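Asker: Whatever this is, show me its structure:
(2 chains)
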Amino acid sequence: AQSVTQLGSHVSVSEGALVLLRCNYSSSVPPYLFWYVQYPNQGLQLLLKYTSAATLVKGINGFEAEFKKSETSFHLTKPSAHMSDAAEYFCAVTPPGNTPLVFGKGTRLSVIA
Amino acid sequence: KAGVTQTPRYLIKTRGQQVTLSCSPISGHRSVSWYQQTPGQGLQFLFEYFSETQRNKGNFPGRFSGRQFSNSRSEMNVSTLELGDSALYLCASSLDSVGADTQYFGPGTRLTVL
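Answerer: Predicted structure coming up:
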């Protein structure tokens, strides 16, 4: 069975600082991995996804994530935080095929001016 | 293209009642998934429909049910509401596969059970 662990339910960074949100997964087969963002009172929006192509995945809004099989990790980074990045971020995993996504508990990102 | 729409956006019900939520997927998308989001349990998968057939089902009691119509629109129903059913219910649509194809989420329906 697949599972996702997001370290840190709340992360706070200063505007302009590096954003690092951690995600570790458990999967019996090479998985597909996703990062979604949720702004208040909205649904989820896909930031980026890994589907066994390049291990470094670039997404929208300057975010990127690197798939590290040896560490079973898929951490999300952004070089310079912006106030508009304040939101909740979810990591999700699924094996290839028509299997539903399993989401982590989420990490709330706060950006301090 | 219009995004995923969900109606209504907000609902208030009392215990024991039933409720129906509606989801209209992006045009051309054949897969519709439903999720329940609560502060304690996070995002939990309810079920997925593809071409009017339930293809995947999460671990929820039988009070939660759904269906999909020939135009891919989907509804979910919760009978005999309990206080713990208060949550944000999210619908997501994708072209075909729930894995490789990107899932696009609607804004959700906020259900409050009193």
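
Asker: okay, CA-based contacts and neighbour counts for the rest of this
Answerer: Fine.

Asker: tell me the centre residue of the chain?
Answerer: No chain was given, so I picked chain A. residue A:35 (3.5 Å; CA atoms, centre = their mean).

Asker: that's the wrong chain, I wanted chain B
Answerer: residue B:34 (3.2 Å).

Asker: what's that one in contact with, if anything?
Answerer: B:45-48, B:89-92 (CA atoms under 8 Å, 6 or more residues apart in numbering or on different chains).

Asker: So which bits of stretch B:19-29 are buried?
Answerer: B:19, B:21-27, B:29 (16 or more other CA atoms under 10 Å in any protein chain shown).

Asker: cool, and stretch B:72-81?
Answerer: In stretch B:72-81, counting by 16+ other CA under 10 Å, buried: B:72-76, B:78, B:81.

Asker: what about the closest residue to residue B:78 other than its chain neighbours, how many neighbours?
Answerer: Of all residues beyond its chain neighbours, the one nearest residue B:78 is residue B:64 (4.7 Å), with distances taken as CA to CA, 6 or more residues apart in numbering or on different chains. Neighbour count of residue B:64, defined by other CA atoms under 10 Å in any protein chain shown: 18.

Asker: Show me which residues of chain B sit near chain A.
Answerer: Within reach of chain A by CA under 8 Å from any CA of the partner chain, chain B has these residues: B:41-45, B:48, B:56, B:90, B:97-100, B:102-108.
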